[in-house]
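S.K.: okay, sequence plus prediction incoming.
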Amino acid sequence: MQIIIRSFHGHKYGDEMSVSIDLQGKNILVTGASSGIGKACASFFSECGANLILVSRREDCMKDIAEELASECAVVPFDLSSHESKKVIFDVCRDKEWKLDGFLYAAGTIERCPVKAYQAGIYEKSMQLHCFSFLEMCRYFCNRLYSNDGASVVAISSMSAQIPERGLGPYCIAKSALNMAVQMVALENVHRKIRVNSLMAAMVDTPLIEEYKRYRSVEEEELLENQPFGLIKPESIAYMAGFLMSEESEYITGARIPVGAGLI
């Protein structure tokens, strides 16, 4: 995938230079790959030349997606909300003799529980999926057996990590914990130049938005009153994730990058 940037700093007004998001030959693990942001990222990474390991609990959807991708890929059905060891995912990578260059963590759901109705189990479930499973995946990914030096990790976080919403405590707190987990993993892997960053997205046009609208009992116009740029396209998040996966972002690590669409 090549992006043309018009430069006004060269010797000629309007000189053009090309900047490539080149993932050719890279092996990237994508979780949450069956829909939404994960699906969009898988498609974009494939267009940029990456080989993919697709992870989701929805095996049928992943197989359909895999057939549409331009690059080589493998499908691993797995429920990341479970306490089952994540090592089986990385065993597939080793069986294919693919050492990983990238890892996208896009698994997530919206768990609801107002504080006045606090239930520990709901908070634990959200933390398990959004934070603890991410940490366990990083445990394996950052092992030299499974990844190359200079690899990249991108976690899909949320603006809700820093702007709380009524009733969404489990989600907001878990995403906030995910952001700190990203910084800790980044800190502990600088010696291998493994970059670890999160994208904090506001509302993205995915199936989760329909669930969110039903919960809030609002129409889209009301939902977007505080997000004036509108719903974010999943492809926009994929482009940013692709940049972070590429060598063009070699100096960025430990960053929590907001994608707020006007939500400040």
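M.R.: Yep, that arrived.
S.K.: and the next helix or strand past the longest helix seen in the chain?
M.R.: Counting by DSSP state H, the longest helix found in the chain is helix 169-187. Per DSSP states H and E, the first helix or strand lying C-terminal to helix 169-187 is strand 195-201.
S.K.: neighbouring strands - and their directions - for that following strand?
M.R.: Paired with strand 195-201 in the same sheet, following DSSP bridges, are strand 147-158 (parallel), strand 256-259 (parallel).
S.K.: and the contacts of it?
M.R.: 37, 138, 150-159, 161-162, 175, 178-179, 182-183, 185-186, 189, 232, 237, 240-241, 244, 249-250, 252-260 (CB atoms under 8 Å, 6 or more residues apart in numbering). Every C-beta, even on glycine, is put in place using the N, C-alpha and C of the backbone.
S.K.: separate out the buried members of those.
M.R.: Buried members of the contacts of strand 195-201, counted by 16 or more other CB atoms under 10 Å: 37, 138, 151-159, 161, 175, 178-179, 182-183, 185-186, 189, 232, 237, 240-241, 244, 249, 253-256, 258-260.
S.K.: what would the strands paired with strand 195-201 look like in CSV with distance to Glu225 and mean pLDDT?
M.R.: Below are the strands paired with strand 195-201 laid out as CSV (distance: least, CB to CB, whole Å; pLDDT from 0 to 100):
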stretch, distance to Glu225, mean pLDDT
strand 147-158, 18, 98
strand 256-259, 18, 97
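S.K.: would CSV of the ones you listed with distance to Pro170 be doable?
M.R.: Below are these laid out as CSV (distance: least, CB to CB, whole Å):
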stretch, distance to Pro170
strand 147-158, 12
strand 256-259, 20
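S.K.: quick one: closest of those strands to Ser126.
M.R.: Minimum separation from Ser126 across these (CB to CB) falls at strand 147-158, 11.8 Å.
S.K.: then that closest one to CSV, C-alphas only?
M.R.: In CSV, the C-alpha atoms belonging to strand 147-158 read as follows (Å, rounded to 0.1, in the frame of the first residue of the first chain):
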residue,chain,number,x,y,z
SER,A,147,8.8,-13.0,17.7
ASN,A,148,11.5,-11.1,16.0
ASP,A,149,13.4,-8.2,17.4
GLY,A,150,11.8,-4.9,16.3
ALA,A,151,8.3,-6.4,16.3
SER,A,152,5.2,-4.3,17.0
VAL,A,153,2.2,-4.7,19.3
VAL,A,154,-1.0,-2.6,18.8
ALA,A,155,-3.8,-2.8,21.3
ILE,A,156,-7.2,-1.3,20.5
SER,A,157,-8.2,0.7,23.5
SER,A,158,-10.9,3.3,23.9
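S.K.: perfect, that will be all.
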